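Visitor: Give me a model of this one.
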Amino acid sequence: MAKIWQDRNLEPIGLHECRHNYAAFMIAAGVNAKALSNALWAPVPNQPPIERA
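Guide: Numbering: from 1, shown residues only. Just a heads-up that it's a prediction; the model follows:
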């Protein structure tokens, strides 16, 4: 994967940064922010599910 970034003269970014970029692009494209929030929510392992309204 690093070679792909390097071939395109890009600096590699981490998964967390990818997540934020994805969210920003989706909001800019008009995706409902609440729906996006629910889609990106990552549950904590070994924790009971939380009721999300």
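
Visitor: Which elements pack onto the longest helix along the chain?
Guide: Ranked by number of residues, the top helix in the chain under DSSP state H is helix 15-28. Identification of packing neighbours for helix 15-28 by 3 or more Cβ pairs under 8 Å, 6 or more residues apart in numbering; DSSP states H and E yields helix 33-40. No exception for glycine: its C-beta is placed from N, CA and C like everyone else's.

Visitor: The helix it packs on vs helix 15-28, what angle?
Guide: Per axes from the mean of the first three to the mean of the last three Cα atoms, to 10 degrees, the angle that helix 33-40 makes with helix 15-28 is 150 degrees.

Visitor: Which elements pack onto helix 33-40?
Guide: helix 15-28.

Visitor: Pull out the buried residues from the helix it packs on.
Guide: Across helix 15-28, burial judged by 16 or more other Cβ atoms under 10 Å covers 23, 26.

Visitor: Convert the C-alpha atoms of it to CSV, please.
Guide: In CSV, the C-alpha atoms belonging to helix 15-28 read as follows (Å, rounded to 0.1, in the frame of the first residue of the first chain):
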residue,chain,number,x,y,z
LEU,A,15,-7.1,4.8,9.3
HIS,A,16,-8.5,7.4,11.7
GLU,A,17,-7.6,10.2,9.2
CYS,A,18,-9.3,8.2,6.4
ARG,A,19,-12.4,7.9,8.5
HIS,A,20,-12.6,11.7,9.1
ASN,A,21,-11.9,12.4,5.4
TYR,A,22,-14.6,9.9,4.4
ALA,A,23,-17.1,11.6,6.7
ALA,A,24,-16.2,15.1,5.5
PHE,A,25,-16.7,14.0,1.8
MET,A,26,-20.0,12.3,2.6
ILE,A,27,-21.4,15.4,4.4
ALA,A,28,-20.2,17.6,1.5
